[in-house]
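> everything below, folded, please.
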Amino acid sequence: MKRREFVTGMGLLMGASMLSRGVFASDIEPGLTVAELRNGASGAAASSTLAGYFDVHRQVIPAAYAAALQARGIDHFAGRTLAVDSAGQALLALGAQGSGCALLSLPAPGVWLGDGKGAAQLARDCNDQLAAFAAQQPQQLGWLAALPLPDVDEGVAEAARALDQLGADGVALMASVDGRFLGDSEFDPLLAELNRREARVLVLPNLHPTSAELQLDVPGFAVEQACDLTRAAVNLVLSGSMERYPAIRWVLAEGGGFLPYAAWRVSLANAMPGFSELAPQGVMTYLRRFYFATSSLALPALAVLGELVEPSRVLYARADQPAPPLAQAQQAGIWSAAELAGIRRGHALSLFPRFAQPGEAVVPAPVFTSETSLQRLKRAAAQPLAALMQRMKD
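Numbering: from 1, shown residues only. From the prediction side, this is the model:
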């Protein structure tokens, strides 16, 4: 890719973010109910796209969350407007934007607004309302539960309630909460529970408290949220969380932030003392286990992502952003037509097979395990040779 094309693409990426107008663009007609959508002209359009795109990251603000934000005077976050949406608007947006189904989740900052007890109750209220949203059109709408971290006990309890009683399709976690990133040992009980359930987890970018100390007059979404997401992903690998909890299927929103660009640099940790035990299968192995959602990505970012992971790890998503340029990605030779078909829908069905239509093929998601005894023995046998080579190099 030529440098001029790269710079132009990055400009388009920034421009797309700057043009974002909140959750489910405001040009969708407000106030329509699900019944009206089913019975009216829009209902026919929506049903015709039932097997269309699968959007794994649709932001929505239910009434309980809107009230909590309003009570605290929050109408913007990280430079973006937080707008209220309804189930009817969500379904209209799916039809208008060519998506057959979508997973609903709360946007940042999530339910932690500085009040631990309040966060637990807010998570319950929001999850009840998200479940009600999705239940009105279960073939098209799924949802990901909000959890009241950093309270781990409440988080485990709400995860069990949402997944077992409310029928959540997975959970959505902020990359950092109250200054702590995913991968922090404090969150291990929750990860152990999610691992036991083989849960699907969408990781959303937040704003770390230290971002305010940088004194940069730059909107938080432009750089800091990407950093937040990148740090969480790296911490999940280098803390050993990916090794200890291999059954969790991690989906990184917004293309994983800067992770695809920094992957090789992060993989140098393989040569650093201590990380061989925490990431014994090699850093790059764990990085390539992440799924990457395409929201907020321009063509250059898609090209880098295509170099890092197999197409099966890429999932379609829009969040509140313009659609990713997948057709251009095919023209640029990043992915084939068949691979793009998987990105648009098939790969997400591997994680969420209940959305498959009759006769629609679903490829099972891969199963990952912790390091086996044989792998451990091979690694131990190679250590003296590696140490000798390091001494010779020094």
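
> could I get the phi/psi values of the residue nearest the centre of the chain?
Centroid check for the chain by Cα atoms, centre = their mean gives residue 253 as the closest residue, at 3.1 Å. Backbone torsions of residue 253, given as degrees, to the nearest 10, read phi -70, psi 160.

> just to check, it is in contact with residue 201?
No. Between residue 253 and residue 201 there is no contact under Cβ atoms under 8 Å: 10.8 Å. From N, CA and C alone the C-beta is placed, and that goes for glycine too.

> what's the overlap in contacts for the two?
Taking Cβ atoms under 8 Å, 6 or more residues apart in numbering as the criterion, residue 253 and residue 201 do not both touch any residue.

> ok, now which ones touch the residue nearest to the centre of the chain?
By Cβ under 8 Å, 6+ apart, the contact list for residue 253 reads 57, 202, 203, 204, 205, 229, 293, 295, 317, 319.

> so of those residues, which ones are in helices?
In this view, these that belong to helices under DSSP state H are residue 229.

> just the strands from the protein, written as ranges.
With DSSP state E as the criterion, the chain has strands at 53-59, 76-77, 80-81, 99-105, 141-146, 170-174, 176-177, 180-181, 200-204, 249-252, 291-293, 314-315.

> partner strands of the first one and their direction?
Listed by DSSP bridges, the sheet partners of strand 53-59 and their directions read strand 99-105 (parallel).

> now swap in the last one and tell me
Strand 314-315 has the following sheet partners, assigned by DSSP bridges: strand 291-293 (parallel).

> contacts for the strand it pairs with?
Contacts of strand 291-293 (Cβ under 8 Å, 6+ apart): 56-57, 202, 249-256, 260, 305, 309, 313-317, 319, 347, 351.

> how far is it from where the chain is centred?
Computed by Cα atoms, centre = their mean, to the nearest Å, the separation of strand 291-293 from the middle of its chain amounts to 6 Å.

> between the contacts of residue 253, which is closest to residue 117?
Nearest to residue 117, judged by Cβ to Cβ, of the contacts of residue 253 is residue 204 at 22.6 Å.

> tell me how many other residues crowd that closest one.
Residue 204 has 28 neighbours, counted by other Cβ atoms under 10 Å.

> and the one 10 residues further on, by the same measure?
By the other Cβ under 10 Å criterion, the neighbourhood of residue 214 contains 10 residues.

> so how far is residue 290 from the spatially closest residue to it that is not a sequence neighbour?
Ranked by Cβ to Cβ, 6 or more residues apart in numbering and with sequence neighbours excluded, the top spatial neighbour of residue 214 is residue 224, at 7.8 Å. Using Cβ to Cβ, to the nearest Å, we find residue 224 at a distance of 20 Å from residue 290.

> with residue 238 instead?
Noted for residue 238: a distance of 14 Å to residue 290, by Cβ to Cβ.

> quick check: residue 297 touching residue 304?
No. Contact criterion Cβ under 8 Å: residue 297 and residue 304 do not qualify, at 9.3 Å.

> looking at those two, which is more packed in?
More crowded of residue 297 and residue 304, by other Cβ under 10 Å: residue 297, with 27 against 18.

> before we move on, back to that, out of the strands of the chain, nearest to residue 233?
With Cβ to Cβ as the measure, strand 249-252 is the member of the strands of the chain nearest residue 233 (5.8 Å).

> contacts made by the closest one with the rest, please.
For strand 249-252, the surrounding residues in contact (Cβ under 8 Å, 6+ apart) are 56-57, 170, 198-203, 229, 233, 236, 242, 259, 289-293, 315, 351, 365.

> what lines up beside it in the sheet?
Paired with strand 249-252 in the same sheet, following DSSP bridges, are strand 200-204 (parallel), strand 291-293 (parallel).

> so can I have TSV of those showing mean pLDDT and distance to residue 185?
Compiled in TSV, the strands paired with strand 249-252 are given as follows (pLDDT from 0 to 100; distance: least, Cβ to Cβ, whole Å):
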stretch	mean pLDDT	distance to residue 185
strand 200-204	98	17
strand 291-293	98	24
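
> thanks a lot, see you next time.
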